[in-house]
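*Asks:* next input, structure requested:
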Amino acid sequence: MSTDAIVLLKEDHKAVRKLFRDFEAAGERATKTKSRLVRQIIEELTAHTYIENQVMYPRVRELVPEVDGDVLEGYEEHHVADVLCAELALMSPRDERFDAKTTVLIESMNHHMGEEEGEWFPKVRAALGRKELQEIGEELLEAKQKAPRNPAHPRALKKAADALFR
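*Replies:* Okay, here's the model as predicted:
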């Protein structure tokens, strides 16, 4: 398995996108399926935004200052995702706004992942060497082991609060 930071993050994106597609294909009456899928989406996104916010974004800001604006935008997009995940964690698929809120989360994160992959990952790859990306990847893997998977977890709440005051 590669420890290249960008490869690892793209693998996370791929897994999340599959969950998004499964949710969209579930149909209006598939409440049990939607409940399970949204729970998985929340877990994956909570862990993913945690490792990006704690490891990737600070390292990239330090090593590739020309993408600082992209990183700051990423923090804000993660904040929106964290809020939506926290709200969805408290909802039932039977709630009137459950599908709409999930759709907004999906659209927002698809936009975010597209920007990362299409705009700033190439800049980061061009600026950093293979060794640096592997070192960051190892840090990402380590952080993922302790990453919260529930938006109400104290580490997730602290991450959200920290992002507000960056």
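*Asks:* for the residue of the chain most remote from its centre, phi and psi?
*Replies:* Farthest-out residue of the chain from its mean C-alpha position, per CA atoms, centre = their mean: Arg29, at 27.3 Å. When read as degrees, to the nearest 10, the backbone of Arg29 gives phi -100, psi 0.
*Asks:* report pLDDT for it.
*Replies:* Note on Arg29: pLDDT of 79.
*Asks:* check the one 4 residues further on too.
*Replies:* With respect to pLDDT, Thr33 has a value of 93.
*Asks:* show me the shaky parts of the chain.
*Replies:* 1, 153-166 (pLDDT under 70).
*Asks:* switch the cut-off to 90
*Replies:* The model of the chain has pLDDT under 90 over residues 1-2, 27-31, 149-166.
*Asks:* now the strands for it?
*Replies:* Taking DSSP state E, the chain contains no strands at all.
*Asks:* quick one, helices of it?
*Replies:* Remark: helices assigned in the chain by DSSP state H are 5-25, 31-51, 57-63, 68-89, 98-115, 121-127, 130-146, 154-164.
*Asks:* hmm, Leu88 and Ile42 touching each other?
*Replies:* Yes: the criterion here is CB atoms under 8 Å, and Ile42 meets it with Leu88 at 6.1 Å. In this view, the C-beta of every residue, glycine as well, is placed from N, C-alpha and C.
*Asks:* OK, contacts around Thr103?
*Replies:* Applying CB atoms under 8 Å, 6 or more residues apart in numbering to Thr103 gives no contacts.
*Asks:* state the distance from it to Gly74.
*Replies:* Distance of Thr103 to Gly74, computed by CB to CB, to the nearest Å: 21 Å.
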